[in-house]
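K.L.:
I would like the atomic coordinates for the input below:
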Amino acid sequence: MLQSANDLKGFDIIGVDSKIGNIEEFYFDDQDLVVRYVVANTGNWLTGKQNLISPVFVTHLDRDKREIRLSLTKDQVEKCPGVDKHKPVSRQMEKIVSDYYGSRYYWDERPNLSPGQLAHANATSAMVRSAIEPGTSAALEPNVHLRSMQEISRYAITATDGDLGQVEDFFLEMDDWSIRYIGVDTGNWLPGKHVLISSMSLGQFNWSERTITVDLTRSQIETSPDYDKVTEVSREYQTRLHKHYGLQTITEAAH
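P.N.:
Alright, predicted model coming up:
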């Protein structure tokens with residue numbers, strides 16, 4: 001099931017005993033392009049901190065009710081070590097949160113990645129493991145691969161032959177919380193046009209310049225199938241999109 005990240009914001013977060021809060025935003029891993037944490041806005045009962053909830057604890061998503069359900073209680077979330085809103089999330093902080101919930105370290109388990117994720121994965125497993133060794137200064141450094149979707153929103157998108165527009169949304173495969181597409185507003189170049197770009201076409205992320213390059217030309221973008229922001233992204237539309245860009249179809253990518 002494909003879901004817009006923008007639409008997910010504001011969904012109620014329901015624990016096994018009561019409502020916990022609302023979805024505020026997401027943190028994703030820029031190596032594998034997978035959402036690692038849902039950031040919970042807990043309102044008045046927790047302030048000054050942001051609570052990171054791993055998608056592994058999400059048991060159900062209800063689009064009609066605009067809510068996600070967790071296998072956690074409100075008390076568990078309340079007592080979880082909070083992350084300072086004004087500081088980058090360190091690998092050590094992730095380890096503390098994982099240890100609190102008794103969950104596995106995702107960075108030690110490379111999942112079966114989709115073709116798009118494989119394109120961005122690299123050989124950093126040893127470096128990541130050493131970063132969490134007790135007593136090392138690296139353990140306290142920010143996780144440079146953990147990115148805020150809110151921060152990436154409005155990054156400029158650049159094709160092989162010129163500017164395209166800006167990031168406006170992310171589309172998640174809810175089975176594994178991977179980023180399948182980036183929604184792009186083509187702005188002044190093609191006013192009124194909104195396009196989806198597959199994660200398989202993403203190139204370099206330039207964090208200092210706030211840009212993302214894609215391995216596509218402007219002509220390919222201009223002639224891509226129209227994307228209606230109001231309508232659900234269907235499997236048929238995804239198939240047409242992949243064929244247009246010469247990418248594997250959704251069915252092929254699954255094998």
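K.L.:
run through the bridge partners of Gly165.
P.N.:
For Gly165, the beta-bridge partners under DSSP bridges are Ile157.
K.L.:
can you check the one 4 residues further on too?
P.N.:
Beta-bridge pairing of Asp169 under DSSP bridges involves Gly183.
K.L.:
using the three-state scheme, assign Thr59.
P.N.:
Assigned with DSSP: H, G, I helix; E, B strand; the rest coil, Thr59 falls in the strand class.
K.L.:
what's near enough to touch it?
P.N.:
Arg69, Leu70, Ser71 (CB atoms under 8 Å, 6 or more residues apart in numbering). All C-beta atoms are positioned from the backbone trio N, CA, C, and that covers glycine.
K.L.:
quick one, what contacts the first one?
P.N.:
The one in question is Arg69. Ile14, Gly15, Val16, Val58, Thr59, His60, Leu61, Asp62.
K.L.:
which among the contacts of Thr59 gets closest to Glu78?
P.N.:
In terms of CB to CB, no member of the contacts of Thr59 lies closer to Glu78 than Leu70, at 12.8 Å.
K.L.:
distance check, the spatially closest residue to that closest one that is not a sequence neighbour against Arg180.
P.N.:
For Leu70, ignoring the flanking residues on the chain, the nearest one in space by CB to CB, 6 or more residues apart in numbering is Phe57 at 4.8 Å. Phe57 sits 22 Å away from Arg180, going by CB to CB, to the nearest Å.
K.L.:
who's more crowded, those two?
P.N.:
Taking other CB atoms under 10 Å, Phe57 and Arg180 do not tie; Arg180 has more neighbours (24 against 17).
K.L.:
so where is the stretch 151-255 of the chain shaky, pLDDT-wise?
P.N.:
For the stretch 151-255 of the chain, the stretches flagged by pLDDT under 70 are 249-255.
K.L.:
please enumerate the strands of the stretch 151-255 of the chain.
P.N.:
156-159, 162-173, 178-185, 194-198, 202-206, 211-214 (DSSP state E, counting those that start in this stretch).
K.L.:
and of these, who's closest to Lys85?
P.N.:
If you check each of those against Lys85 by CB to CB, strand 162-173 wins as the nearest, at 20.8 Å.
K.L.:
gap between the closest one and the chain center?
P.N.:
In terms of CA atoms, centre = their mean, to the nearest Å, the centre of strand 162-173 is found 12 Å from the chain centre.
K.L.:
helices or strands next to that strand in the packing?
P.N.:
strand 2-4, helix 5-8, strand 156-159, strand 178-185, helix 218-222 (3 or more CB pairs under 8 Å, 6 or more residues apart in numbering; DSSP states H and E).
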